[in-house]
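1. What follows is a predicted protein model with its sequence.
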Amino acid sequence: MKAVLALIAIYVVAFLVAIQGSAPGAVEASAQSTASKPAAAVHSPASDPAKEADIRTLLELVGARDQLQESVNFSAEQYREKLLATMANNDKNQAFVNAVITDYEKKFDVNQITEQLVSIYDQHYSAEEIKELLQFYGSPLGQRLAAEGPKISREFQAATRATAARAVKDALAEAKEENPGVGQNAHLPATPARRFQQRRPAQEPSQQAAQQQDQP
């Protein structure tokens, strides 16, 4: 059970990073919070050097950093789509969005989060428990759990997003039916079905405003 909980802790961190793509303010708040803390508060090494070394070996064994990096890449694509949905489709805006996403990926320090995981594991697991986790993840079953876990996590995230989208769509439709005079123009922004490379003629701001007013 300890082994399973250890890997789940990593997946939760990765999942929280990934879902930030649906809440742009979350990254900004996180960045401001981190920036306001002194460097020592961001990462406090384990008091026992041997234990810290074991924790780092464990995180490497389960591929924690790779999972976090994959989540950052996923959230970057989410932000890209959200930005594209708010801008006219032309080369200048494409370059702007690419610059923003590239800078975001540079500023999101995966190494820093990995370092924080060392401290988190030090707080929640004893040195003996870390050694037991190392033994488990060195076994065939542990290696399979580490390999299949990210795939399960991605499928779980996709299922969660799909279920959430259906639920909020149905809730909005029912609320409109029950309240004929209220919120009839409320709508959920559609997820862009295209990439920026599939360009359409740029629209003037007045045209975009007119289209938004025509939307139900």
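-> Structure received.
2. switch to C-alpha atoms for all contacts and neighbour counts from now on
-> Noted.
3. so where do the helices sit in the chain?
-> Assigned by DSSP state H, the chain shows helices spanning 2-19, 24-35, 39-42, 49-61, 64-84, 91-107, 110-124, 127-137, 140-178, 205-214.
4. out of those helices, deepest packed?
-> helix 64-84 (a mean of 19; mean count of other Cα atoms under 10 Å).
5. Report the angle between that helix and helix 110-124.
-> Using axes from the mean of the first three to the mean of the last three Cα atoms, to 10 degrees, the inter-axis angle of helix 64-84 relative to helix 110-124 is 130 degrees.
6. ok and helix 64-84 relative to helix 49-61, angle-wise?
-> Counting by the same axes, to 10 degrees, helix 64-84 lies at 50 degrees to helix 49-61.
7. what about the protein, any weak spots by pLDDT?
-> Applying pLDDT under 70 to the chain flags residues 1-46, 190-216.
8. could you redo the last one with a cut-off of 80?
-> 1-47, 188-216 (pLDDT under 80).
9. Including distance to His187, could the helices of the chain go into CSV?
-> Output for the helices of the chain, formatted as CSV (distance: least, Cα to Cα, whole Å):
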stretch, distance to His187
helix 2-19, 21
helix 24-35, 19
helix 39-42, 40
helix 49-61, 43
helix 64-84, 16
helix 91-107, 25
helix 110-124, 36
helix 127-137, 47
helix 140-178, 8
helix 205-214, 11
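10. Quick check: which of those helices is nearest to Ala186?
-> In terms of Cα to Cα, the element of those nearest to Ala186 is helix 140-178, at 8.2 Å.
11. Which elements pack onto that closest one?
-> The contact analysis (3 or more Cα pairs under 8 Å, 6 or more residues apart in numbering; DSSP states H and E) places helix 140-178 against helix 2-19, helix 127-137.
12. CA atoms only: put the shortest one into PDB for me.
-> By that I understand helix 127-137. Output in PDB follows, covering the C-alpha atoms of helix 127-137 (Å, rounded to 0.1, in the frame of the first residue of the first chain):
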ATOM      1  CA  ALA A 127      14.200   6.200   5.900                       C
ATOM      2  CA  GLU A 128      13.200   2.500   6.200                       C
ATOM      3  CA  GLU A 129      10.000   3.100   4.200                       C
ATOM      4  CA  ILE A 130      12.000   4.700   1.400                       C
ATOM      5  CA  LYS A 131      14.200   1.600   1.300                       C
ATOM      6  CA  GLU A 132      11.200  -0.600   1.100                       C
ATOM      7  CA  LEU A 133       9.800   1.500  -1.800                       C
ATOM      8  CA  LEU A 134      13.100   1.200  -3.600                       C
ATOM      9  CA  GLN A 135      13.000  -2.500  -3.200                       C
ATOM     10  CA  PHE A 136       9.400  -2.600  -4.500                       C
ATOM     11  CA  TYR A 137      10.000  -0.400  -7.500                       C
END
